[in-house]
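Participant: Below is the structure, and that's it, no one-letter string:
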């Protein structure tokens, strides 16, 4: 895998910069504009656009060389960051929100295309026997980027302000593209082409025709269903239940990112030694039960251990799931299949986060956390009973 070091470094830089983009949109609208509602809209534009555009992204990644799609996606991010810079430096108070939301939309387009393009590219540049571990390593770059982004924003912003944060993120995308300057890929489909809708339907048919691939997709839905409640409910748990100080809350929430990374590293280390189907089911179930227990734990140290368990289980499960989908995806349809996974990874957290927000407003943080964890565990038990192909999936 060393011969692909430039690709993986490019992934790390791009995903770190991408998560910096998301955090900047949310935090800027909360702090500079003073609107939680607009910050939610901004996050929806920056991370939910793939629900609309991700399907076309998968078709495009099969019709043209996917490395070109990567460069185009990163150009969209830079254009979005330019809008944020204009809003910060030059826009009037009346037009600032429009510039930020416009930038968020461009970043959302970038996210829609970046994930499928990079996963499709990975499937072309590595050998078949390397694909599983390479995909787990790829997912590790995503997790590390997620953890690094807020740390870099905090460090840069404390010394130089929002303008420098935007410049650092833009530089990350530029360097990420330069690292891929010599990379060459090819289109998977050649000759006569059907309509975009027909190509999308073909991707769906391919997933449905392979029971294991379909069940891996459903496992991805279950795994990502926990991330929304975690992001929405953990800050309230830290403040209202554990009564942590601001510094302690930051460390508590940062632990989630670190434990997700630890789970990704565990998956990379143990991928050849564990039964993948059993690990997926047990990992989601254990994560759900530990999350439910967080509602009953009032001691910060014990809560920290339980949260670390949730993160490690989630990071390991997500890494094994995406690797399984990548390996099972038909070569000529890889862009479309991986776009379905990318849409799941972005849209499911947003939808489950909205549901968690409604739940906590209705029943309070204690019961919301408990119900979320128990519901996920029950769904996993039902899935383990019904989805027999995944239950017997060894990963070999």
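Facilitator: Yep, that arrived. Since this is a predicted model, take the numbers as computed values, not measurements.

Participant: which residues touch residue 374?
Facilitator: Residue 374 makes contacts with 288, 292, as judged by C-beta atoms under 8 Å, 6 or more residues apart in numbering. Where C-beta positions appear, they are placed from N, C-alpha and C, glycine not excepted.

Participant: contacting residues for residue 173?
Facilitator: For residue 173, the contact set (C-beta under 8 Å, 6+ apart) comprises 13, 14, 17, 74, 77, 78, 81.

Participant: Next one: it from residue 110, what distance?
Facilitator: 9 Å (C-beta to C-beta, to the nearest Å).

Participant: swap in residue 204?
Facilitator: Distance from residue 204 to residue 110, by C-beta to C-beta: 24 Å.

Participant: For the two, indicate the residue with more neighbours.
Facilitator: residue 110 (29 against 15; other C-beta atoms under 10 Å).

Participant: Any idea which helix or strand in the protein has the lowest mean pLDDT?
Facilitator: Using mean pLDDT, DSSP states H and E, the weakest-scoring helix or strand in the chain turns out to be helix 36-47, at a mean of 73.

Participant: helix/strand/coil for the closest residue in space to residue 38 that isn't next to it in sequence?
Facilitator: Leaving aside its sequence neighbours, residue 38 sits nearest to residue 29 (C-beta to C-beta, 6 or more residues apart in numbering; 4.6 Å). Going by DSSP: H, G, I helix; E, B strand; the rest coil, the secondary structure assigned to residue 29 is helix.

Participant: Residue 29 - how many residues pack around it?
Facilitator: Residue 29: 25 neighbours (other C-beta under 10 Å).

Participant: Who are the contact partners of it?
Facilitator: Contact analysis of residue 29 by C-beta under 8 Å, 6+ apart lists 35, 38, 39, 42, 97, 100.

Participant: wait, the second one sits on residue 97?
Facilitator: I take that to be residue 38. Yes: with contact defined as C-beta atoms under 8 Å, residue 38 reaches residue 97; the gap is 6.3 Å.

Participant: And the strands in the stretch 151-300 of the chain?
Facilitator: Using DSSP state E, counting those that start in this stretch, the stretch 151-300 of the chain contains no strands.

Participant: Just the buried residues of the helix or strand hosting residue 53, please?
Facilitator: Here residue 53 sits within helix 50-63, counting by DSSP states H and E. Buried residues in helix 50-63, counted by 16 or more other C-beta atoms under 10 Å: 50-51, 53-63.

Participant: Please state the mean pLDDT value computed over it.
Facilitator: Helix 50-63 shows a mean pLDDT of 89.

Participant: what about residue 202, neighbour count?
Facilitator: 17.

Participant: And for the one 5 residues further on?
Facilitator: Other residues lying near residue 207 total 22 when counted by other C-beta under 10 Å.

Participant: What of the one 4 residues further on?
Facilitator: If you count neighbours by other C-beta under 10 Å, residue 211 ends up with 13.

Participant: Might you report the residue contacts of it?
Facilitator: residue 389.

Participant: any idea of the pLDDT on it?
Facilitator: On the pLDDT scale, residue 211 is placed at 93.

Participant: Residue 114 versus that one, what's the distance?
Facilitator: When residue 211 is compared with residue 114 (using C-beta to C-beta), they lie 29 Å apart.

Participant: ok, now residue 374?
Facilitator: According to C-beta to C-beta, residue 374 and residue 114 sit 35 Å apart.

Participant: cool, residue 188 as well?
Facilitator: Distance from residue 188 to residue 114, by C-beta to C-beta: 18 Å.

Participant: With neighbour numbers in mind, choose between these two.
Facilitator: Neighbour count, other C-beta under 10 Å: between residue 188 and residue 114, residue 114 has more, with 27 against 21.

Participant: So that one: helix, strand or coil?
Facilitator: Classification of residue 114 by three-state DSSP places it in helix.

Participant: check contacts around it.
Facilitator: So residue 114 contacts 14, 18, 70, 73, 74, 77 (C-beta under 8 Å, 6+ apart).

Participant: so what's residue 96 scoring on pLDDT?
Facilitator: So residue 96 comes in at 85 (pLDDT).

Participant: Same question for the one 4 residues further on.
Facilitator: The predicted local distance difference test score for residue 100 is 90.

Participant: what's the nearest residue to it if we skip its chain neighbours?
Facilitator: Once flanking residues are discounted, residue 100 sits nearest to residue 87: 4.8 Å by C-beta to C-beta, 6+ apart.

Participant: any idea how far the residue nearest to residue 38 lies from residue 227?
Facilitator: Using C-beta to C-beta, residue 29 is found at 21 Å from residue 227.

Participant: which stretches of the stretch 251-396 of the chain aren't confidently modelled?
Facilitator: Low-confidence segments of the stretch 251-396 of the chain (pLDDT under 70): none present.

Participant: again, 90 this time
Facilitator: Within the stretch 251-396 of the chain, the stretches with pLDDT under 90 are 251-258, 268, 270-274, 295-298, 300, 331-333, 345-366, 368-369, 383-388, 391-396.

Participant: Report the contact partners of the residue nearest to residue 89 when sequence neighbours are not counted.
Facilitator: Spatial nearest neighbour of residue 89, excluding adjacent residues (C-beta to C-beta, 6+ apart): residue 163 at 6.3 Å. Applying C-beta under 8 Å, 6+ apart, we find residue 163 in contact with 85, 88, 89.

Participant: again with residue 46
Facilitator: Here residue 46 is in contact with 21, 22, 25, 104, 105, 107, 108, 111 (C-beta under 8 Å, 6+ apart).

Participant: correct me, but the fifth one touches residue 52?
Facilitator: Put plainly, it is residue 105. No: if you go by C-beta under 8 Å, residue 105 and residue 52 don't touch, sitting 10.8 Å apart.
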